[in-house]
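> I would like the atomic coordinates for the input below:
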Amino acid sequence: MDPQTPATRALALRELLNTYGHQYYVLDAPSVPDAEYDRLFRELQLLEAAHPELLTTDSPTQRVGGKPLDVFTSVRHAIPMLSIRSETDTTASGAEHFDERIRKELGLDISDELVEYVAELKFDGLAMSLRYEDHVLVQAATRGDGEWGEDVTQNIRTIGQIPLRLPADAPKLLEVRGEVYMARADFEALNDRQRTRIAAGEKNEKTFVNPRNAAAGAVRQLDSTIAAQRPLSFFAYGLGDITPQSEGGIVFSSHFDFLLQLKKWGFPVAKQTQCVKGAAGLVQFHQAIAQERDGLPFDIDGVVYKVNSLEAQQRLGFVTREPRWAVAHKYPAQEELTTVQAIEVQVGRTGKLTPVAKLAPVFVGGVTVTNATLHNEDEARRKDVRVGDTVIVRRAGDVIPEVVSVVFEKRMQDAQLFTMPSHCPVCSSLAVREEGEADYRCTGGLFCSAQRKQAVLHFAHRRAVEIEDLGDKLVEQLVDAGIVNTLPDLYKLGLTALSQLDRMAEKSAANVLAGIEKSKSTTLPKFLFGLGIRHVGEATAKELSRHFGTLDAIMDATLDQLLQVSDVGPTVAQSIRTFFDQAHNREVVEQLKACGVHWKEGVASAGASLPLTGQTFVLTGTLQTMGRDEAQAKLEMLGAKVSGSVSKKTHAVVAGAEAGSKLEKAQSLGVTVLDESAFQELLASHASYLN
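Take a look at the predicted model:
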């Protein structure tokens, strides 16, 4: 029986999903299959639904996922690029469950007509948003984290399938969503050329792992002439922003009508896309594409079902990060046999020790795989994976597969049981397993070089202290060169040292230094979150800051005092106490302060209510005087909770320019609506708590 409580399990899931999301979306180096991520994500959603008190603002379920790369200009999507939930039941039941849920939410019974759906392919590529103004392509942006993406316009212009100008009957403003991908034949031809170049001795050339990674690499090329040499393709499947009806914009009644119009305007739409009715239609489409899948000229990992009626889509709405009216129905993962050549232990940012099976190379699902995570010692013991074993591996959508099981009939007599090391394999610090936890962790903290890079990146994250222009590759260089060994070293960097790094011109180095200087002025919650204390996310950092007021009070708080804080339980309290009981951690804090990192300390609110305590606010639209994050921070400083959805329990909705469905719902429920002027008056009336 799982010894974890719902709270500790939710914390563990959030950490896993954030790590996997960073690897997948930011580093382009996924470490687990999509199926494993989807399973953990769904488990966390169910936990939070059953225990609403566990839901935190830093939960992966509250966002869509991951951060843009630093080398491109950031672009804010006018309409967020949301992901859709995955139906992991790969049988016909998956389609039937979706239809059953849709009918229930639309209030339909057996006697009512069948729901009409659009059934599409789920491409294994890179989501892209194309923005046209006055009929001309002006911007192409990646999904990024759903709200912010990367401007890759110059590279996307090289794709011949994408029109650079639209016909005169198209809207003056049109944002088309779709998928950039690389066809299998084009991928093989590209790798053949790469092999020829490598054989000819050309440096810095490599072959690509799979079509998706090749496409992602081409889209992210800084030099668009290189991108033009890599054959990319595009399929359109969705709508973003569009000229409103009040300004003469086109109004569509169904998603399929929109797709047909896209084809007329010159966009490629997959010929397999169909309009079907009811669960039977979905099942038939899913089965037909499964038969056709291997013969397709490009990779897919499932199909997508969308309610066709746009009016019905609007009625169904969204839940957190996903539309209720769509689902991705995946296919069974592909499996192969291989052998385990070794079991190594990797160390993550938070010190987590993860056993990884090193596999004899095997071709699974179109890619060659050599690694499989075993997650933790319990999982490795449960599956009884040993060096030399023949195992069944499953590729569920990406490079690193899952070990399904061991073929015990082929086990060698001298195969040894795997045991986690007692010390960190990187820094030799003691490895410990907390009570109720499945994972072992290195106790070396900031002294462990394996954790150093991610610790610096976490500290510099925009939701932590935020150091602009300090990206993954630069941090990697700084750490590998021994220039940055602890967080305070960031504030000792000079122009000369930075300018000498690879691809770091003097202007770029100056920008980094400016970002470091700017980061010195922060807030207590951001600084506390940035320290990377285990179990302390953004929400907990805010609660601690609000309760104690000062960092010294937090560092010196006893376990009993910490337990008085909302959102802090025994596990979190012990983690905080353990962190600040380490002399080297306190030394890091003091050195950072000595380097000029500062924030405005507040007044402890323990035992006293803040002006907006117990009230829930919702922010919608664009505020002219401040960003969304700043507005949320001010409300939270006054004791309010900021929610992403409107309900009867919402105290007020702050509506900026171009507010949409949340404003409409607030008005329909009779919830108080504050425009930006009224919101500023509210903040001014409580200025003493904010200054």
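> any idea what Cys275 is bridged to?
Val118 (DSSP bridges).
> I'd guessed it sits against Val115; true?
No: the pair Cys275 / Val115 is not scored as a contact, 11.4 Å apart, by C-beta atoms under 8 Å. For the C-beta atoms, the positions are set from N, CA and C on the backbone; glycine is no exception.
> which one of the two is surrounded by more residues?
The neighbour comparison of Cys275 against Val115 (other C-beta atoms under 10 Å) goes to Val115, with 23 against 16.
> for the stretch 201-350 of the chain, which spans come out with low pLDDT?
203, 209, 320-321, 332-334 (pLDDT under 70).
> quick one: the strands in it?
233-242, 274-277, 300-307, 318-319, 322-323, 326-330, 334-347 (DSSP state E, counting those that start in this stretch).
> can you put the ones you listed in TSV and add distance to Ala455?
Shown next, in TSV, are these (distance: least, C-beta to C-beta, whole Å):
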stretch	distance to Ala455
strand 233-242	36
strand 274-277	49
strand 300-307	34
strand 318-319	34
strand 322-323	32
strand 326-330	34
strand 334-347	12
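> can you check which of these gets nearest to Lys507?
With C-beta to C-beta as the measure, strand 233-242 is the member of these nearest Lys507 (33.6 Å).
> the closest one vs strand 326-330, what angle?
160 degrees (axes from the mean of the first three to the mean of the last three C-alpha atoms, to 10 degrees).
> return the list of helices and strands in contact with strand 233-242.
strand 116-123, strand 126-133, strand 173-181, helix 255-264 (3 or more C-beta pairs under 8 Å, 6 or more residues apart in numbering; DSSP states H and E).
> quick check: Leu478 vs Ser499, distance?
13 Å (C-beta to C-beta, to the nearest Å).
> go on, Met182?
Distance from Met182 to Ser499, by C-beta to C-beta: 36 Å.
> so Gln591, which of the three states?
In three-state terms, and counting by DSSP: H, G, I helix; E, B strand; the rest coil, Gln591 is helix.
> hmm, it is touching Leu490, no?
No: with contact defined as C-beta under 8 Å, Gln591 and Leu490 do not form a contacting pair (10.6 Å).
> would JSON lines of the helices and strands packed on strand 233-242 with mean neighbour count and distance to Gln161 be doable?
Listed next are those as JSON lines, based on neighbours: other C-beta atoms under 10 Å; distance: least, C-beta to C-beta, whole Å:
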{"stretch": "strand 116-123", "mean neighbour count": "24", "distance to Gln161": "13"}
{"stretch": "strand 126-133", "mean neighbour count": "22", "distance to Gln161": "11"}
{"stretch": "strand 173-181", "mean neighbour count": "23", "distance to Gln161": "10"}
{"stretch": "helix 255-264", "mean neighbour count": "18", "distance to Gln161": "12"}
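> take those and write them to CSV, including distance to Asp378.
Compiled in CSV, these are given as follows (distance: least, C-beta to C-beta, whole Å):
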stretch, distance to Asp378
strand 116-123, 33
strand 126-133, 35
strand 173-181, 38
helix 255-264, 45
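> looking at the protein, which helix or strand does the model trust least?
One helix or strand of the chain scores below all others by mean pLDDT, DSSP states H and E: helix 224-228, with a mean of 74.
> keeping just the C-alphas, turn that helix into PDB.
Presented in PDB, the C-alpha positions along helix 224-228 are these (Å, rounded to 0.1, in the frame of the first residue of the first chain):
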ATOM      1  CA  SER A 224      17.200  31.200 -41.300                       C
ATOM      2  CA  THR A 225      19.300  30.100 -44.300                       C
ATOM      3  CA  ILE A 226      20.100  26.900 -42.400                       C
ATOM      4  CA  ALA A 227      16.400  26.400 -41.500                       C
ATOM      5  CA  ALA A 228      15.600  26.800 -45.300                       C
END
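> could you list the low-confidence segments of the stretch 51-200 of the chain?
Ranges of the stretch 51-200 of the chain meeting pLDDT under 70: 56-60, 62-71, 88.
> please enumerate the strands of it.
Counting by DSSP E, counting those that start in this stretch, the stretch 51-200 of the chain has these strands, from start to end: 74-76, 86-87, 116-123, 126-133, 136-142, 148-150, 173-181.
> so which of these gets nearest Ile576?
strand 148-150 (30.8 Å).
> and that closest one, what does it pack against?
Against strand 148-150 (3+ C-beta pairs under 8 Å, 6+ apart) you get strand 74-76, strand 136-142.
> out of those strands, deepest packed?
Stretch with highest mean neighbour count among the helices and strands packed on strand 148-150: strand 136-142 (a mean of 20; mean count of other C-beta atoms under 10 Å).
> what angle do that strand and strand 126-133 make?
Here the directions of strand 136-142 and strand 126-133 differ by 150 degrees (the same axes, to 10 degrees).
> now strand 136-142: how far from the chain's centre is it?
22 Å (C-alpha atoms, centre = their mean, to the nearest Å).
> helices or strands up against it?
On a contact count with 3+ C-beta pairs under 8 Å, 6+ apart, strand 136-142 meets strand 126-133, strand 148-150, helix 153-156.
> name the surrounding residues that touch it.
Defining contact as C-beta atoms under 8 Å, 6 or more residues apart in numbering, one finds that strand 136-142 is touched by 68, 75, 77, 126-132, 149-153, 155-157, 162-166, 219.
> at 7 Å what do you get?
With contact meaning C-beta atoms under 7 Å, 6 or more residues apart in numbering, strand 136-142 is reached by 75, 77, 126-132, 149-153, 156, 164-165, 219.
> just stretch 221-232 next, same as before
Contacts for stretch 221-232 (C-beta under 7 Å, 6+ apart): 71, 154-155, 158-159, 180, 182, 186, 190, 214-215, 218.
> about what we covered before: of Met182 and Ser499, which one has the most company?
Taking neighbours as other C-beta under 10 Å, Met182 and Ser499 compare with Met182 leading, 29 against 14.
> mind checking how far Ala657 is from Gln624?
Distance from Ala657 to Gln624, counting by C-beta to C-beta: 7 Å.
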